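S.K.: I would like the atomic coordinates for the input below:
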Amino acid sequence: MHKYFNDKVIWITGASSGIGEAMARYLIRYTTARLVLSARNENKLKNTAALCSDEKRILVLPFDLASDFSAEQLVRVIIQKFGRIDILINNGGVSQRTRVLDVSENTERQLFEINYFSYVKLTRAVLPFMLQQKYGHIVVMSSIAGKFGFYLRSTYSAAKHALHGYFETLKLEYEKENIFVTIVCPGKVKTDISLNAILSDGKIHSQMDASHQNAISAENAAKKILQGIAQKKEEFYVGRKEILMVYIKRYCSTLFNWFIRRQSPY
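M.R.: Numbering: from 1, shown residues only. Predicted structure coming up:
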């Protein structure tokens, strides 16, 4: 696995916490990759970057996925420092805990802006450089919520579903030009995603859901995700028994419908 990442320029969004931070820490420790770390929290990014003894390997590039950022300007900064971008890991995101009629239009648009449009925006800015260098790997962090809907996740799930349609198409259009696409579908992972989930009034959930508290760690998830990326898997799932729901829906929809109605929203 390590050989795949060695000496590559890897841009990770959502790198200040959770899976993104865990991937960055792993790559710093075990590979010679050059990393671009992005998120809103610059101080946390700098703490992660400080783990690397060679500061020339790291570029801290903070920005907010929900803002009107210039993806082209961000790409220019990376190209100026490293000369290329080999792997883009679209990882940043935010969930929700809101019933359909309780979520405002503004909140719905914010969820799509972060979880879908920012991924598309960054990818479109990076892709021309990848085509020019005749290689690129785009990683998309979806979710098992991108494979089926779930209580209190309507817009989050819709945005994740949309990622599959867009990036599966991109893969078909550019795979002959040495552009690889990997879609990752995590299940429950012990991160701050439930703490930061958006409520109907725009405030955050501020609670660790029991299903996340008892889930796979971000470190274990990150290692599995990096293994899948190195193997250039087109789509794969990371988690525990909740991953079975994807296969149950695929092969026995009646049983899936029975199970899903008995799950706790939290």
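S.K.: before we move on, what SS does the nearest residue to residue 123 once chain neighbours are set aside have?
M.R.: Of all residues not flanking residue 123 in the chain, residue 138 sits nearest, at 5.7 Å (C-beta to C-beta, 6 or more residues apart in numbering). (C-beta placed from N, C-alpha, C; glycine too.) The three-state label given to residue 138 by DSSP: H, G, I helix; E, B strand; the rest coil is strand.
S.K.: switch to numbering from 814
M.R.: From this message on, residue numbering opens at 814, which makes the last subject residue 951.
S.K.: What are the neighbouring residues in contact with residue 951?
M.R.: For residue 951, the contacting residues are 900-901, 903, 936, 939-940, 943, 980, 983, 992-995, by C-beta atoms under 8 Å, 6 or more residues apart in numbering.
S.K.: partner residues bridging it?
M.R.: residue 901, residue 994 (DSSP bridges).
S.K.: Local confidence estimate at it?
M.R.: Looking at residue 951, its pLDDT reads 98.
S.K.: With residue 1008 instead?
M.R.: In this prediction, residue 1008 has a pLDDT value of 76.
S.K.: how much space is there between it and residue 1018?
M.R.: 6 Å (C-beta to C-beta, to the nearest Å).
S.K.: For the two, indicate the residue with more neighbours.
M.R.: residue 1018 (19 against 15; other C-beta atoms under 10 Å).
S.K.: Surely that one touches residue 1005?
M.R.: No - the criterion here is C-beta atoms under 8 Å, and residue 1018 misses it with residue 1005 at 10.0 Å.
S.K.: which regions of the stretch 864-1013 of the chain sit below the pLDDT cut-off?
M.R.: 1007 (pLDDT under 70).
S.K.: can you map out the strands along it?
M.R.: Using DSSP state E, counting those that start in this stretch, the strands of the stretch 864-1013 of the chain run over 871-873, 900-903, 949-954, 992-999, 1002-1003.
S.K.: Which elements pack onto the last one?
M.R.: It refers to strand 1002-1003. Helices and strands touching strand 1002-1003, by 3 or more C-beta pairs under 8 Å, 6 or more residues apart in numbering; DSSP states H and E, are helix 1023-1026, strand 1029-1030, helix 1031-1043.
S.K.: out of the ones you listed, deepest packed?
M.R.: The highest mean neighbour count among those, using mean count of other C-beta atoms under 10 Å, belongs to helix 1031-1043: a mean of 19.
S.K.: Tell me the first helix or strand C-terminal of that one.
M.R.: Tracing the chain past helix 1031-1043, the next element assigned as helix or strand by DSSP states H and E is strand 1048-1051.
S.K.: on contacts alone, who are the packing partners of that following strand?
M.R.: Contacts defined by 3+ C-beta pairs under 8 Å, 6+ apart place strand 1048-1051 against strand 992-999, helix 1031-1043.
S.K.: quick one: contacts for the closest residue to residue 872 other than its chain neighbours?
M.R.: Closest residue to residue 872 apart from its sequence neighbours, by C-beta to C-beta, 6+ apart: residue 849 at 4.7 Å. Shown in contact with residue 849 (C-beta under 8 Å, 6+ apart): 822-825, 872, 874, 891, 895, 898.
S.K.: And residue 849, how far from residue 858?
M.R.: The gap separating residue 849 from residue 858 is 10 Å, by C-beta to C-beta.
S.K.: Residue 986 now?
M.R.: For residue 986, the distance to residue 858 - C-beta to C-beta - is 33 Å.
S.K.: With neighbour numbers in mind, choose between these two.
M.R.: Neighbour comparison, residue 986 and residue 858: the larger count goes to residue 858, with 25 against 11 (by other C-beta under 10 Å).
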